[in-house]
Every structure is written in structure tokens, then in C-alpha cells.
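[1] sequence and predicted structure below; questions after.
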Amino acid sequence: MRTIELYQSDTKKTAFLWTESLRTGHDTIDRQHQEIYEALLGVSQLLNLPEVHVAYWLGLVQRKMEDYLLTHFQEEERLMVAVGYPDLEKHRLHHLDFIESFQKQKSAVLQLQTDAERLAGANRLLDFLHDWFNVEILSNDKDLAHFIQNKK
């Protein structure tokens, strides 16, 4: 597996790289997940640039989240309704919890005082996004795709 240096430290971390282990087996969901990962990989690499402006970076992350993720959540929830997915409300609450947590973390980063604090906060936000998406895809979305496949 290829690793990239996303954080300005001596540690390397594999983040936002699409792998086959993330595939749910549902083409539409997988394509949307890949788009989300590609967008977040791109914005995560911006943190490696010298003199990155964190407020601008956060705005870009916010726009990518709105462009890709909120649309994905809506489409995924419509799909759950259409197939009669029994865990729809639980899944929907998981999405809402994510949106609230993301907004809180983004606001917290904007309130930091120094560039070094903001950069560290931006990296924590990336860690949060990476961890959340892996859980969402590897658990919740795979369960949905499995339900759809077994319903056929």
C-alpha cells in the first residue's frame, strides 16, 4: 500500500487513499466514496504547502464536504428508503452526528490563535475525517450494500 506524507512530521500516514477494502459492492455508493476520498486527499495535501492559510483551507474542506458528502448522504438515505433498509434512522442519525461533529471541530480550529495551533488543529480535523469515513464505509455502508445485494 502506498503511503504519503500528509502531516508535517516524521510520521507517515495512509489517509484518503482508496483501496479495494473500502469497496462496498454497490457501484453508485463506491463511486461516491471514491469522489469523497479524492477530494479529501487533494485538500489534505494542501497542508504540506509552505505558508498554508488554514482559514482558506478550512473553507475549501467545507465546500468539498458540502459538494460531495451532503449530496452523498442524501442519495444514500433516498436509497435506504427505496430498498426498505431497516436501519435507516440509525444510519441517518450517524450522518447527522457526523455533520455536527465536523462543524464543531471546524469552528474550534478557526478559534485557535497561532498558525502552528491552527495547523495542528487542521491535522486533527483530517484525522477525524479519515477515522470517521473508514468506520462509515467499512461498517455502516457495507451493511447497507450487503442488505441491497441480499434483497435481489
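    Yes, it's here. Numbers count the residues shown, from 1 in each chain.
[2] quick one: pLDDT of V81?
    Per-residue confidence at V81 stands at 96 (pLDDT).
[3] how about Q149?
    For Q149, pLDDT reads 87.
[4] does it really touch G25, like I thought?
    Yes: counting by CB atoms under 8 Å, Q149 does reach G25; the two are 6.1 Å apart. Where you see a C-beta, it was placed from the backbone N, CA and C, and this is true even at glycine.
[5] tell me which stretches of this protein form strands.
    Read by DSSP state E, the chain holds no strands at all.
[6] lowest confidence element among the helices and strands of it?
    helix 54-64 (a mean of 82; mean pLDDT, DSSP states H and E).
[7] how much space separates the residue lying closest to Q32 once chain neighbours are set aside from R124?
    Excluding its sequence neighbours, the residue lying closest to Q32 (CB to CB, 6 or more residues apart in numbering) is H72, at 4.5 Å. Per CB to CB, to the nearest Å, H72 is found 23 Å from R124.
[8] could you do A145 as well?
    30 Å.
[9] N48: how many residues sit nearby?
    Close neighbours of N48, defined as other CB atoms under 10 Å, add up to 12.
[10] same check on T71?
    Neighbours of T71 under the rule other CB under 10 Å: 13.
[11] again, but for the one 4 residues further on
    The local packing of E75 (other CB under 10 Å) involves 13 other residues.
[12] how close does the closest residue in space to it that isn't next to it in sequence get to L49?
    With sequence-adjacent residues excluded and distances taken as CB to CB, 6+ apart, E75 is closest to Q32, at 7.0 Å. Separation of Q32 from L49 (CB to CB) stands at 27 Å.
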